[in-house]
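Novice: What would the 3D arrangement of this be:
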Amino acid sequence: MTHDINRRLSYKRLYSMAPFYLILVFSFSFAAAGCSTVTHVKWEDKSYQSIAGANNGGVLETTPREMSAEQRKSVNPIYLSPFLIKKMDETHPLSPKEEALEGREEYYLGYHDILTITVFGRQDPVKGTTDITRDAEIRDDGMISYPLIGDLMAAGLTIPDLQQNIIEKLKEYITNPKIDIQVKEYGSRDVSILGEVNKPRVIYLRGKTTLLEAVAKADGLTDKANLKGVYIIRRDRIIPIDLHTLITEGDLKYNLDLKRKDIVYIPNIQDQRVYVIGEVKSPGVIPFAGKLLTVAEVIGSAGDFKVSAKKSNIKIIRGGLEKPTIITVDFNRIIEGNISENIELHSEDIVFVPASLVGEWNKILEQITPSLQTILFGLTVENLAR
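Specialist: Sure, this is the predicted structure:
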């Protein structure tokens, strides 16, 4: 029960897990329903028109030849959205007990919570009052100790549940007992908020607490905060958050309710990077703060292509996974000297080198998601360990 109810994440444990997650290969199977529909787009300077008609939820596809020079080099970082949360939940389901603890609004008592329990209408031999008030800490075995009733299970119960259990025990000694229980200190429902906040700290949750409320409790963001690169570590999952869109546009889907043992990490704005996955010899993260980075440079940094790489069908995924722009690059043209194909990359671009021709967005998503989740988890663990 201790393991199920109170899964504690220490930074040391996270760091020790990093090598495992960096080599772990996830297997995902996404249903076609619920995924974005592909919309083909022709670029006209700074605007575009959909060949397939208006589709606000669609994927935009283009090539360097269809992009203007300004579009090829402009830097407008757009980061990964929480689109993967639903898919992560499907592949990492909570146990029934964890669902009970995390999925409801009521507060479930946890280990090392300190309770103030008052029994009304009894004479206290020390204070001489008619009420007896005692503090009780929930121990590692989930139990509390209280006069007359001895040890009683408390962890995993709501306050009304525990209240009723104590009343039933007290009925053996008191007629119609009345009691009150308050949580004096929250020792188990903690969230860590780290990185570019003014006061990195551990926050103890009381009731529902959103991401923005946690940021406020950490005295707000520093001027170096990368609002588009925020992560939440939840159990063994990474949830990317676009805090910029939440703050500037009021998009509340990013203002998630935090859960016990969440770790919120807000990186520095200077941490710019692209992700390279697929048929390259060294897939992973390529940092490039303060300099320009092209497709050819990224492939070189990733150790060059594997023999199995389909060089003519490289996909640059830009703007996150919810409504991305997909740029198809023919690397053979770069080899032939066509520099227009060697486009400048943006921070948070995903460079995907497939093993065969791939065009349908659902198929691309199936192939990139396992590697991307592994990279993101390892990257966040590395940042926390600094």
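
Novice: going forward, measure contacts and count neighbours with C-alpha atoms only.
Specialist: OK.

Novice: Would you mind naming the residues that bridge with Ile179?
Specialist: Here Ile179 sits in beta bridges with Val119, going by DSSP bridges.

Novice: From what I see, it and Val119 are in contact.
Specialist: Yes. Assessed by C-alpha atoms under 8 Å, Ile179 is found in contact with Val119 at 4.5 Å.

Novice: Of these two, which one has the most company?
Specialist: In this view Ile179 and Val119 are compared by other C-alpha atoms under 10 Å, and Val119 has more residues nearby, 21 against 17.

Novice: Looking at that one now. What's its pLDDT?
Specialist: On pLDDT, Val119 comes in at 89.

Novice: low-scoring pLDDT stretches of this structure, where are they?
Specialist: 1-106, 122-129, 188, 206-207, 236, 290, 320-322, 358-367, 369-386 (pLDDT under 70).

Novice: domains for it, by residue range?
Specialist: In the domain annotation for the chain, the residue ranges read 2-100+270-385, 114-185 (automatic domain parsing).

Novice: which residues in the protein form helices?
Specialist: Secondary structure of the chain (DSSP state H): helices located at 2-5, 11-23, 69-73, 84-91, 96-102, 159-170, 211-217, 243-249, 295-301, 331-335, 361-385.

Novice: Which parts of the stretch 151-300 of the chain are strands?
Specialist: With strands called from DSSP state E, counting those that start in this stretch, the stretch 151-300 of the chain shows them at 178-185, 190-195, 201-204, 230-234, 237-241, 263-266, 273-278, 284-287.

Novice: Tell me which of those strands is the most buried.
Specialist: Most buried of the strands of the stretch 151-300 of the chain by mean neighbour count (mean count of other C-alpha atoms under 10 Å) is strand 263-266; its value is a mean of 25.

Novice: strands paired with that one, and their directions?
Specialist: Applying DSSP bridges, one finds strand 263-266 paired with strand 190-195 (parallel), strand 230-234 (antiparallel).

Novice: and those as TSV, adding distance to Ile132?
Specialist: Listed next are the strands paired with strand 263-266 as TSV, based on distance: least, C-alpha to C-alpha, whole Å:
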stretch	distance to Ile132
strand 190-195	30
strand 230-234	40
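
Novice: Out of these, the one nearest Thr133 is which?
Specialist: Among these, the nearest to Thr133 by C-alpha to C-alpha is strand 190-195 (26.1 Å).

Novice: could I get stretch 147-159 in PDB with only the CA atoms?
Specialist: The C-alpha atoms that make up stretch 147-159 are tabulated as PDB, following Å, rounded to 0.1, in the frame of the first residue of the first chain:
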ATOM      1  CA  PRO A 147      -6.100   7.900  22.800                       C
ATOM      2  CA  LEU A 148      -8.800   5.200  23.500                       C
ATOM      3  CA  ILE A 149      -8.800   3.900  19.900                       C
ATOM      4  CA  GLY A 150      -5.100   3.000  19.500                       C
ATOM      5  CA  ASP A 151      -3.800   2.500  15.900                       C
ATOM      6  CA  LEU A 152      -6.100   3.200  13.000                       C
ATOM      7  CA  MET A 153      -5.500   3.300   9.200                       C
ATOM      8  CA  ALA A 154      -5.700   6.800   7.800                       C
ATOM      9  CA  ALA A 155      -3.600   6.900   4.500                       C
ATOM     10  CA  GLY A 156      -5.700   6.800   1.400                       C
ATOM     11  CA  LEU A 157      -8.900   7.900   3.200                       C
ATOM     12  CA  THR A 158     -10.800  11.200   2.900                       C
ATOM     13  CA  ILE A 159     -11.300  13.200   6.000                       C
END
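
Novice: hmm, who's touching it?
Specialist: 5, 101, 106-111, 138, 142-145, 162, 166, 169-170, 173, 181-182 (C-alpha atoms under 8 Å, 6 or more residues apart in numbering).

Novice: What separation is there between Ile144 and Pro240?
Specialist: 39 Å (C-alpha to C-alpha, to the nearest Å).

Novice: In contact with Ile263, which residues?
Specialist: Applying C-alpha under 8 Å, 6+ apart, we find Ile263 in contact with 191-194, 232-234.

Novice: I figured Ile167 was touching Thr175, is that so?
Specialist: No. Counting by C-alpha under 8 Å, Ile167 does not reach Thr175; the two are 10.0 Å apart.
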